[in-house]
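*Asks:* Turn this into a model:
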Amino acid sequence: MTPRPGGGNDQLLGRHRGRAGRDRERPHRHGQPRLLRCPFGIQGGYIFNAVLQAGGTVRNYGFLVNNIGSIGTKASPISDPFAAGVVQVAPLDPSLAPVTDVYFRGYDQSYPDLWRYNEWKREFDQYVANGNLPSLRSCA
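*Replies:* Numbers count the residues shown, from 1 in each chain. You can find the predicted model right below:
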């Protein structure tokens, strides 16, 4: 098969075979996403949903969050949001709200990774000291 003019490699990659070709490769009900089988039924969410449903514990660091807090200014940065009491994120998924560290800023190139690490380490050390490390820790 040769690429269509100006169309890149879409045809070579099989992106224009029509609905029948797609259905053979990715079976799904028309207009609905494909669901995968998993040990406790049909998977329809994130891994943290499966862990919570199975009775595990989860702690979220910056995954599926909206950065809302101030990081200060160049002259006066907020390098320790926990100590300053400045909430950094709002979870985008309601099931993550109770398990999200709100002082761990999500992906932001203007925020130093060292500050993010320090916040994660602060909580990690507490979990180790108390012997209650979560089953799943997600970090963005």
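*Asks:* Can you give the domain ranges for this protein?
*Replies:* Following automatic domain parsing, one gets these domains for the chain: 1-34, 37-139.
*Asks:* Which of the ones you listed has the lowest mean pLDDT?
*Replies:* Lowest mean pLDDT of the domains of the chain: domain 1-34, a mean of 51.
*Asks:* secondary structure class for Asn60?
*Replies:* strand (DSSP: H, G, I helix; E, B strand; the rest coil).
*Asks:* What is the burial count for the closest residue to it other than its chain neighbours?
*Replies:* Leaving aside its sequence neighbours, Asn60 sits nearest to Thr100 (CB to CB, 6 or more residues apart in numbering; 4.3 Å). Placement of C-beta: from N, CA and C, glycine included. Thr100: 24 surrounding residues under other CB atoms under 10 Å.
*Asks:* Ramachandran angles for Thr100?
*Replies:* Phi and psi for Thr100, reported as degrees, to the nearest 10, are phi -100, psi 130.
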